[in-house]
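S.K.: Predicted model and sequence below, questions to follow.
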Amino acid sequence: MALETETIRAFLDAHHLAGAEKMTEIAARWASRAEPVDDAAARREAREMAQALGAAGGFEPIAARDWRSCCMMREALAAASPLADAVFALQGLGTLPLLLADNAAIRERWLEAAIAGRAMAAFAMTESGAGSDVSAMATTARRDGDEYVLDGEKTFISNAGIADFYTTFASTDPGAGRKGISCFVVPADTPRLRFVGPQILSCPHPLGTIAFEGCRVPAECRLGEEGKGLSLGLRTLDRLRPTVGAAACGMAARALELALAHARERRQFGKALAEFQLVQQKLARMATSLAAARLLVYRAAWVSDRGAERVTLEAAMAKSFATEEAQKIVDDAVQILGGAGVMASHPVDRLYRAVRALRIYEGTTEIQHLVIAGRLLAG
């Protein structure tokens with residue numbers, strides 16, 4: 001499906017409009033590909049996708065920090081393949097801290113390779129006891145001369161086991177809570193960094209747990225100052241959170257397209273489903289919600305591209321609204337398709353399984369609502 005730009009034209013510049021066709025072409029190669037049969041197949045395909053995206057220039061918007069282009073790319077990819085979208089998202093999460101921090105050596109080692117698709121990135125922040133509450137992070141990084149010694153376990157880490165480097169958050173001062181967290185780039189082949197095992201989602205996605213067991217990294221692997229890691233992580237999430245909303249819009253747009261086609265073709269009681277007013281009401285609500293979500297997403301990306309230091313409020317609104325509405329849109333699509341919509345082989349079923357996670361990762365909807373309310377109450 002073509003990337004629709006008319007609704008969001010007010011937020012786009014000429015180069016975004018010109019690049020829409022290329023983004024659609026990049027994404028189209030995966031639109032008709034069957035879903036990986038198991039986790040091992042998903043991991044192989046994810047690496048292939050990273051290489052293909054890099055070779056096609058798909059990661060270039062990340063390097064350029066062009067957030068509207070990043071949103072457009074994710075929207076196109078998510079409509080075609082949730083797995084391809086995840087590959088793009090993780091490349092952004094894992095590499096953006098390298099762009100934001102002043103560490104030329106690390107940037108030189110990893111950034112070009114990641115943008116070219118030769119290296120896969122991972123963003124290792126979440127732990128079993130530290131999800132929304134980052135201050136509960138238990139992974140530590142103890143300074144020992146010219147090295148840091150990392151100990152702890154990270155879970156729900158996308159690209160765990162296949163990434164070439166992990167952008168990792170660990171406490172260098174456990175007593176300081178959030179202010180004691182630092183950020184490190186840890187190569188996957190570092191001794192005593194162990195892939196514990198995969199975690200299997202309902203929709204194919206390379207997720208898993210990693211462990212640091214006295215893992216030593218040079219001090220040069222630290223990004224930014226000690227204790228400034230959480231700030232770096234939050235700035236990364238601020239910039240990329242609207243792109244999660246964009247992915248949700250891509251999935252919703254594909255679901256709406258499939259529901260429209262089915263409603264026109266499927267006949268019941270002597271007429272097309274599209275002639276029933278209750279079906280028309282669903283389609284109208286789906287289209288309106290999608291348009292509203294896209295406007296919030298691209299407004300947030302536009303504000304970010306204009307140089308705003310933080311886009312916390314705009315990003316929270318975009319991510320929470322777009323992901324919640326996308327869930328409803330995909331669910332309505334399943335309802336319109338009826339039995340066909342819950343067949344594992346149908347694209348709408350795949351979207352139904354994929355869209356749910358977007359309401360959780362990179363900050364749950366509930367956390368985004370707290371962020372929005374906090375800004376309102378602060379005056």
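M.R.: Now that the structure is in, tell me what you want to look at. This one's a predicted model, so the numbers in the text were calculated from it and none came from an experiment.

S.K.: I'd like the domain boundaries of this protein, if you could list them.
M.R.: Following automatic domain parsing, one finds the domains of the chain at 9-115, 121-226, 231-377.

S.K.: what mean pLDDT does the second one have?
M.R.: Yep, that's domain 121-226 we're talking about. Taken as a whole, domain 121-226 has a mean pLDDT of 95.

S.K.: Could you tell me the end-to-end distance of that domain?
M.R.: Domain 121-226 has its terminal residues 22 Å apart, counting by C-alpha to C-alpha, to the nearest Å.

S.K.: picking that back up, relative to residue 2, which of the domains of the chain is closest?
M.R.: domain 9-115 (5.4 Å; C-beta to C-beta). Quick note: C-beta positions are derived from backbone N, CA and C, even for glycine.

S.K.: Quick check: which element contains the spatially most central residue of the chain?
M.R.: The chain has residue 89 as the residue nearest its centroid, 3.8 Å off, counting by C-alpha atoms, centre = their mean. According to DSSP states H and E, residue 89 maps onto helix 82-100.

S.K.: Any buried residues in that helix, and which?
M.R.: 82-98, 100 (16 or more other C-beta atoms under 10 Å).

S.K.: Same question for stretch 61-72.
M.R.: 61, 62, 63, 66, 67, 68, 69, 70, 71, 72.

S.K.: Over to stretch 189-204?
M.R.: Neighbour-count burial for stretch 189-204 [16+ other C-beta under 10 Å]: 190, 193, 198, 199, 201, 203, 204.

S.K.: Closest one to residue 260 out of these, please.
M.R.: Nearest to residue 260 among those, with distances taken as C-beta to C-beta, is residue 203, at 23.1 Å.

S.K.: which SS state does that closest one fall under?
M.R.: coil (DSSP: H, G, I helix; E, B strand; the rest coil).

S.K.: Help me confirm that it comes into contact with residue 78.
M.R.: No: with contacts counted by C-beta atoms under 8 Å, residue 203 stays clear of residue 78, the gap being 11.6 Å.

S.K.: can you list residues touching both of those two?
M.R.: Common neighbours of residue 203 and residue 78, counting by C-beta atoms under 8 Å, 6 or more residues apart in numbering, are residue 354.

S.K.: ok now the helix ranked longest in the chain, how far from the chain's centre?
M.R.: With secondary structure taken from DSSP state H, the chain has its longest helix at helix 229-265. Relative to its parent chain, helix 229-265 has a centroid offset of 8 Å by C-alpha atoms, centre = their mean, to the nearest Å.

S.K.: next helix or strand past that helix?
M.R.: Sequence-wise, the next helix or strand downstream of helix 229-265 (DSSP H and E) is strand 267-268.

S.K.: What strands line up against that following strand, and which way round?
M.R.: Strand 267-268 sits in its sheet next to strand 271-272 (antiparallel), going by DSSP bridges.

S.K.: So for the following helix or strand past the partner strand, what gets flagged as buried?
M.R.: Counting by DSSP H and E, the next helix or strand C-terminal to strand 271-272 is helix 277-305. Using 16+ other C-beta under 10 Å as the burial criterion, the residues of helix 277-305 that qualify are 279, 282-283, 286-287, 289-290, 293-305.

S.K.: which ones are touching the nearest residue to residue 8 once chain neighbours are set aside?
M.R.: Spatial nearest neighbour of residue 8, chain neighbours left out: residue 298 (4.4 Å); criterion: C-beta to C-beta, 6 or more residues apart in numbering. Neighbour list for residue 298: 8, 11, 12, 68, 71, 242, 246 [criterion: C-beta under 8 Å, 6+ apart].

S.K.: pLDDT value on residue 298, please?
M.R.: Confidence score, pLDDT, at residue 298: 98.

S.K.: and it, how far is that from residue 7?
M.R.: 9 Å (C-beta to C-beta, to the nearest Å).

S.K.: shared neighbours of these two, anything?
M.R.: With C-beta under 8 Å, 6+ apart, residue 298 and residue 7 have no common neighbours.

S.K.: that older thread, out of the contacts of residue 298, who's nearest residue 45?
M.R.: Here the nearest of those to residue 45, counting by C-beta to C-beta, is residue 246; it sits at 21.9 Å.

S.K.: Show me where this structure has its strands.
M.R.: Using DSSP state E, the strands of the chain run over residues 121-124, 140-144, 147-158, 165-171, 181-187, 193-199, 207-218, 222-223, 267-268, 271-272.

S.K.: Residue 46 is nearest to which of those strands?
M.R.: Of all the strands of the chain, strand 147-158 sits nearest to residue 46, with 9.1 Å by C-beta to C-beta.

S.K.: Just checking: what are the partner strands of that closest one?
M.R.: strand 140-144 (antiparallel), strand 207-218 (antiparallel).

S.K.: Give me whichever of these is most buried.
M.R.: Using mean count of other C-beta atoms under 10 Å, the stretch among the strands paired with strand 147-158 with the greatest mean number of neighbours is strand 207-218 (a mean of 20).

S.K.: For that strand, what is the distance to the chain centroid?
M.R.: The chain centre lies 22 Å from the centre of strand 207-218; the measure is C-alpha atoms, centre = their mean.

S.K.: Give me the residues contacting it.
M.R.: For strand 207-218, contacts defined as C-beta under 8 Å, 6+ apart pick out 124, 139, 144, 146-158, 160-161, 166, 168, 170, 184, 186, 190-201.

S.K.: correct me, but residue 287 touches residue 256?
M.R.: Yes: contact criterion C-beta under 8 Å: residue 287 and residue 256 qualify, at 6.4 Å.

S.K.: Surely residue 245 is in contact with residue 325?
M.R.: No: Residue 245 lies out of contact with residue 325 (C-beta under 8 Å); the separation is 9.4 Å.
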